[in-house]
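> Turn this into a model:
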Amino acid sequence: MPENFIRNFSIIAHIDAGKSTLADRLLEITGTISADKIVPQLLDSNPIERERGITIKLAPVTMNYQGYTLNLIDTPGHVDFNYEVERALQACEGAILLVDATKGVQAQTVANLRLAKNLGLKIIPVVNKIDAPLSDVAAATRQVKQLLSITQEPLLVSAKTGEGVEELLQQVISDLPAPETVTGDLKAFVFNSTFDTHLGVVAFIKLISGELKTNDKLEFINSGQSVSASEIGIFSPVRTEKKTLQAGNVGYIITGLKDIRRILVGDTLCLASQAKNAIPLPGFRKIHPNVYLDIYPAEGNQYQDLVDALEKLKLDQLTHSWSRSQSRFFGAASLGSRRRKIGQGI
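Model prediction:
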């Protein structure tokens with residue numbers, strides 16, 4: 001698919017604005033998933049995500065619509081997941097700014113918009129939940145226009161019923177720019193990774209230049225980690241294997257690694273044979289924890305269960321680390337450094 005027919009975009013909003021529901025409608029209308037097979041919050045594969053109604057782990061999905069390839073990266077809206085939003089937006093050229101018609105512009109709406117603007121993304125303003133009993137479409141519309149300093153009306157949609165969503169897809173195609181690619185050797189941006197018990201670490205990438213093929217010998221420039229691309233492909237929304245990936249597209253690489261810390265988010269991927277002379281993409285920085293917690297089991301005989309749970313969590317969390325500590329009041333404890341959501345989820 002030529003890059004002129006590719007659109008990479010994200011959905012940014014405050015928590016509970018309807019991002020995951022809108023993603024469900026996009027999947028349905030584009031025919032990526034049939035209506036009888038779709039389940040609420042399809043891209044939120046983590047049970048905690050569905051239980052709490054929030055998005056934690058980024059779930060990229062490729063949709064084909066009217067001859068175009070639409071790569072959607074659904075992002076978290078909660079304040080605790082700001083870094084996930086930032087690195088997802090780095091893989092996009094545009095973003096849908098989704099505002100809840102019942103609540104208007106909220107704090108995280110502004111924060112996410114600032115991230116998108118700093119990255120130079122094209123913004124499509126959308127007011128959601130126009131069918132809700134408590135909606136105030138006029139007030140939400142006014143706030144969006146003030147926030148963006150625009151005169152044109154934002155698009156009005158109901159992600160729940162699908163009203164206005166087809167018009168939104170048309171606007172994504174017409175208003176968002178195609179990805180900017182460069183001629184040259186393979187370079188890809190790593191915007192996320194996850195751990196699969198059977199496959200090992202799966203890296204989510206956006207190709208900036210060149211072509212990626214199955215079994216290519218690769219190297220991550222900043223970390224120096226070498227891997228072989230045992231499988232590459234796209235999410236549609238399930239893993240779909242491909243023989244090649246072209247510049248401008250979003251996809252995945254199965255690395256076979258057993259430690260997720262060997263893949264650094266924001267790193268640059270290139271062919272191993274070209275790593276010595278390759279220049280990394282700008283903007284890379286290491287993730288550092290910003291919340292530190294002491295965690296004690298309710299019962300002393302549950303300590304090993306806690307340790308086992310933390311070890312499993314560490315497989316899929318780049319920012320999570322822990323060590324044992326001792327308290328004269330509580331006995332053995334696990335000292336963790338992580339973001340707040342991990343501590344709350346245990």
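> where does the stretch 1-150 of the chain dip in pLDDT?
1, 35-59, 76-84 (pLDDT under 70).
> show me where it has strands.
6-13, 59-65, 68-74, 94-100, 122-128 (DSSP state E, counting those that start in this stretch).
> orientation of the second one relative to strand 6-13 in degrees?
Direction vectors for strand 59-65 and strand 6-13, defined by axes from the mean of the first three to the mean of the last three CA atoms, to 10 degrees, enclose an angle of 130 degrees.
> So what touches strand 59-65?
Residues outside strand 59-65 that contact it (CB atoms under 8 Å, 6 or more residues apart in numbering): 23, 26-27, 29-32, 43-45, 69-74, 91, 169, 173, 192, 204, 234-237, 240, 249-252. C-beta: built from backbone N, CA, C; applies to glycine.
> And these, which of them are buried?
Buried members of these, counted by 16 or more other CB atoms under 10 Å: 23, 26-27, 29-30, 32, 43-44, 69-74, 91, 169, 192, 204, 234-235, 237, 249-252.
> Among the contacts of strand 59-65, which lie within helices?
Among those, DSSP state H puts Ala23, Leu26, Leu27, Ile29, Leu169, Ile173 in helices.
> Distance of the residue nearest to Asp175 when sequence neighbours are not counted relative to Ile12?
Spatial nearest neighbour of Asp175, excluding adjacent residues (CB to CB, 6 or more residues apart in numbering): Ile124 at 6.0 Å. Distance of Ile124 to Ile12, computed by CB to CB, to the nearest Å: 10 Å.
> more crowded one of the two?
Ile12 (27 against 20; other CB atoms under 10 Å).
> okay but that one is in contact with Cys92, surely?
No - between Ile12 and Cys92 there is no contact under CB atoms under 8 Å: 9.6 Å.
> so Ile208 sits in a helix?
No - using DSSP: H, G, I helix; E, B strand; the rest coil, the assignment for Ile208 is strand, not a helix.
> Local confidence estimate at the nearest residue to it once chain neighbours are set aside?
Of all residues not flanking Ile208 in the chain, Lys187 sits nearest, at 4.6 Å (CB to CB, 6+ apart). pLDDT recorded at Lys187 is 96.
> Export the strands of the stretch 1-150 of the chain as JSON lines, with columns for distance to Arg262.
What follows is the strands of the stretch 1-150 of the chain, written out as JSON lines (distance: least, CB to CB, whole Å):
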{"stretch": "strand 6-13", "distance to Arg262": "26"}
{"stretch": "strand 59-65", "distance to Arg262": "21"}
{"stretch": "strand 68-74", "distance to Arg262": "23"}
{"stretch": "strand 94-100", "distance to Arg262": "30"}
{"stretch": "strand 122-128", "distance to Arg262": "34"}
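> which residue ranges form the helices in the chain?
Under DSSP H, the chain gives helices at 19-29, 47-52, 82-89, 107-118, 137-148, 165-175, 303-315, 340-345.
> Point out the most buried one among the ones you listed.
helix 19-29 (a mean of 23; mean count of other CB atoms under 10 Å).
> coming back round to it: what about the residue nearest to Ile208, how many residues nearby?
Neighbours of Lys187 using other CB under 10 Å come to 25.
> Let me see the contact set for it.
Contacts here follow CB under 8 Å, 6+ apart; on that basis Lys187 touches Leu207, Ile208, Ser209, Gly210, Thr268, Leu269, Cys270, Ala278, Leu281.
> quick one: which two of these are the most distant?
Using CB to CB, those reach their maximum pairwise distance at Leu207 and Ala278, which is 14.2 Å.
> Compare those two (neighbour count), which wins?
Higher neighbour count among Leu207 and Ala278: Leu207, with 22 against 19, using other CB under 10 Å.
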